[in-house]
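**Q** What would the 3D arrangement of this be:
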Amino acid sequence: MSERQEVVERNLWAAPALFAFVAWVLFKASDGHSTGRIAWIVYASGWVLVGGMLVRAVVRRRNPGIGAVFGVGILLVMGALFAANHG
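**A** Down below sits the predicted model:
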């Protein structure tokens, strides 16, 4: 894999943190049911990205590495916090 591909892959594994952050901002700005619903959709989009990256790793028979731990970990922690506060 080229250096550029590795950089893109690392950034994709880190992207769930951005989804979790945007969802957090939306939950904080929540003025009603619709904003909370949008926040959950943004949060779920982070899981779609992680799932796609995990499928890609399985298809290529590569170890997803620490990026998978970070991506899944941040989504699990933030999802638990969101559910506890806004569930």
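**Q** Helices of this structure, residue ranges please.
**A** With DSSP state H, the ranges of helices along the chain come out as 3-28, 33-59, 66-86.
**Q** Dump the ones you listed to JSON lines, plus mean neighbour count.
**A** The way it works is simple: take the backbone N, C-alpha and C, and place the C-beta from them, glycine included. Converted to JSON lines, these look like this (neighbours: other Cβ atoms under 10 Å):
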{"stretch": "helix 3-28", "mean neighbour count": "15"}
{"stretch": "helix 33-59", "mean neighbour count": "15"}
{"stretch": "helix 66-86", "mean neighbour count": "15"}
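**Q** so can I have a markdown table of the ones you listed showing mean pLDDT?
**A** Below are the helices of the chain laid out as a markdown table (pLDDT from 0 to 100):
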| stretch | mean pLDDT |
| --- | --- |
| helix 3-28 | 92 |
| helix 33-59 | 92 |
| helix 66-86 | 93 |
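**Q** Name the nearest residue to Ala20, sequence neighbours excluded.
**A** Met78 (4.1 Å; Cβ to Cβ, 6 or more residues apart in numbering).
**Q** Val22 against Val42, yeah?
**A** Yes: with contacts counted by Cβ atoms under 8 Å, Val22 reaches Val42, the gap being 5.2 Å.
**Q** wait, the residue nearest to Ala20 sits on Val22?
**A** No: using Cβ under 8 Å, Met78 makes no contact with Val22, being 10.8 Å away.
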